[in-house]
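> sequence and predicted structure, then a few things I'm wondering about:
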Amino acid sequence: QPCSSDGASLQAGHTHFLLVDNEAHGRQAWGGEMLFRARLESAVRERFHIRSVLICMRGGPGTVQDVFSHLSKGQPVVLLPETGGATSYIAHYVHSYRANQATSGWGTTDPRRAHDLAMAAEVALPQHLRQRFDSQL
């Protein structure tokens with residue numbers, strides 16, 4: 001069943017689910033699990049002294065926030081743009097941004113620039129994505 005403003009069905013290909021109730025309904029409920037998930041991920045990283053990698057598939061405006069959060073903490077992000085959704089828009093933006101920056105004196109693979117990239121994308125992407133995804137919900 002496709003996602004709608006009323007919710008999303010559980011995907012059969014998954015083996016485990018963690019359901020979070022934020023007491024919101026309809027459109028306001030979307031993304032309500034993100035703060036809980038971020039806190040849970042942080043607790044697991046600290047408890048077991050491990051790093052995390054964000055793997056992005058499809059997604060909406062919340063995916064954009066996840067990417068910025070991970071990049072700002074120096075955590076790696078893997079984008080699977082062929083899956084569509086916000087991930088394809090983020091990947092397109094990253095590719096365009098890096099192509100433009102390559103002519104301004106720094107290499108496109110410089111990991112110290114991830115934060116700069118995230119901050120620049122934070123200004124450009126969310127409004128466009130929110131317009132796109134709000135029209136689909």
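Received, thanks.
> mean confidence (pLDDT) on stretch 58-76, please.
Regarding stretch 58-76, the rounded mean pLDDT is 83.
> do you know how far V64 is from Y89?
Using CB to CB, to the nearest Å, we find V64 at a distance of 8 Å from Y89. C-betas here are computed from N, CA, C, even on glycine.
> which of these two has more neighbours?
Of the pair V64 and Y89, V64 is the one with more neighbours under other CB atoms under 10 Å, namely 25 against 21.
> give me the three-state assignment for the more buried one.
Following DSSP: H, G, I helix; E, B strand; the rest coil, we place V64 in the helix state.
> that one and E82: what is the separation?
V64 sits 18 Å away from E82, going by CB to CB.
> next, G59: phi, psi?
Note on G59: its backbone torsions stand at phi 90, psi 170 [degrees, to the nearest 10].
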